[in-house]
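Q: can't give you the sequence, but here's the structure:
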């Protein structure tokens with residue numbers, strides 16, 4: 001085992017989950033899914049949108065249910081998201097102070113790719129974060145973070161490697177592709193699966209508990225047919241058996257733009273048409289003879305980009321368009337900043 005993976009494993013053993021109650025009201029303007037009696041994961045939405053606005057960007061806290069130790073999936077918005085979620089009661093039994101939540105209850109960061117709308121909050125909060133936390137990702141993501149942000153030119157180097165002096169507030173942990181690694185947040189491990197985002201690397205994170213319960217979060221990704229890869233197909237093959245057994249609790253996947261949008265202007269993103277095509281491919285792997293093969297799956301639609309011009313609301317358009325597609329029995333959820341969700 002490498003030094004970094006050993007460090008990660010030791011952190012996981014050192015961190016203990018803390019019991020926390022679960023609220024019953026999870027929604028803002030649209031109903032969030034009701035808490036399942038058998039829920040295994042708690043998710044707090046720190047940021048749900050995809051670009052343009054600076055205070056509601058991709059960031060999702062995830063914990064094993066009953067734990068107050070969270071891992072942060074992307075961190076486009078961090079401190080502001082914590083403050084707004086706390087104000088909405090998303091952290092029952094925990095401090096409402098976003099600084100304390102940041103320092104004491106966010107235990108690790110998983111970065112899907114190095115675009116600003118997925119890591120700006122982490123960079124800005126670095127001077128006030130608690131020391132010793134891991135920032136985990138695939139090699140290209142960590143290399144970009146070191147070379148282009150934590151470099152003492154754009155921002156001080158708060159990592160433990162890279163441009164000197166390395167301030168070592170964070171430990172950079174390179175995740176091996178497609179292999180489970182323990183996380184220092186409750187009883188969780190993660191597998192990192194490469195994605196393609198306009199030809200650039202991105203990542204899907206498969207979070208798992210020891211009992212087999214799983215949650216899948218996709219960073220930005222284009223459809224295989226446009227990206228000319230098989231990365232989503234490989235990922236679908238990995239999770240299809242979990243959908244058959246009902247152990248995959250939720251799939252977080254982006255839909256950045258409404259239809260119609262030319263393929264050459266996707267810029268490595270999905271639309272309702274392309275999400276429907278990918279769900280069809282996934283359903284065929286689960287059971288090609290079952291028209292509701294995804295009935296046990298909740299699909300959380302993320303990264304919807306607001307429009308900078310007057311006109312139809314992209315979120316409403318995407319919801320309407322996806323309602324007309326065949327989702328093979330899957331339930332669709334559209335998160336808001338501050339939601340507390342359970343799966």
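A: Looks like it came in fine. Here the structure is a predicted model, which means the values were calculated and not measured. Residues are numbered from 1 along each chain as shown.
Q: how far away is residue 120 from residue 212?
A: Distance, residue 120 to residue 212, using Cβ to Cβ, to the nearest Å: 35 Å. All C-beta spots, glycine's among them, are computed from the backbone N, C-alpha and C.
Q: who has more neighbours out of the two?
A: More crowded of residue 120 and residue 212, by other Cβ atoms under 10 Å: residue 120, with 20 against 12.
Q: measure the nearest residue to residue 53 once chain neighbours are set aside to residue 333 for me?
A: Spatial nearest neighbour of residue 53, excluding adjacent residues (Cβ to Cβ, 6 or more residues apart in numbering): residue 306 at 6.1 Å. Separation of residue 306 from residue 333 (Cβ to Cβ): 19 Å.
Q: so which of these two has more stuff around it?
A: residue 333 (19 against 13).
Q: tell me the bridge partners for the more buried one.
A: Residue 333 has these beta-bridge partners by DSSP bridges: residue 300.
Q: wait, it touches residue 302, no?
A: No - applying Cβ atoms under 8 Å as the test, residue 333 and residue 302 come out as separate, 9.7 Å apart.
Q: hey, what's in contact with both of those two?
A: Common neighbours of residue 333 and residue 302 (criterion: Cβ atoms under 8 Å, 6 or more residues apart in numbering): none identified.
Q: how about the strands in the protein?
A: According to DSSP state E, the chain carries its strands in the segments 41-47, 59-64, 70-73, 106-110, 133-137, 170-174, 181-182, 188-197, 200-209, 214-218, 248-254, 298-302, 331-333, 340-342.
Q: where in this structure is pLDDT low?
A: Applying pLDDT under 70 to the chain flags the ranges 1-36, 186.
Q: what ranges do the helices span in it?
A: Counting by DSSP state H, the chain has helices at residues 3-14, 79-87, 98-105, 120-125, 139-148, 224-227, 231-245, 272-286, 314-323.
Q: relative to helix 272-286, how tilted is the last one?
A: Angular relation of helix 314-323 and helix 272-286 on a 0 to 180 degree scale: 40 degrees, by axes from the mean of the first three to the mean of the last three Cα atoms, to 10 degrees.
Q: show me the contacts for the residue most central in space within the chain.
A: With distances taken as Cα atoms, centre = their mean, the chain has residue 73 as the residue nearest its mean C-alpha position (4.0 Å). Applying Cβ under 8 Å, 6+ apart, we find residue 73 in contact with 59, 60, 61, 62, 110, 112, 205, 217, 252.
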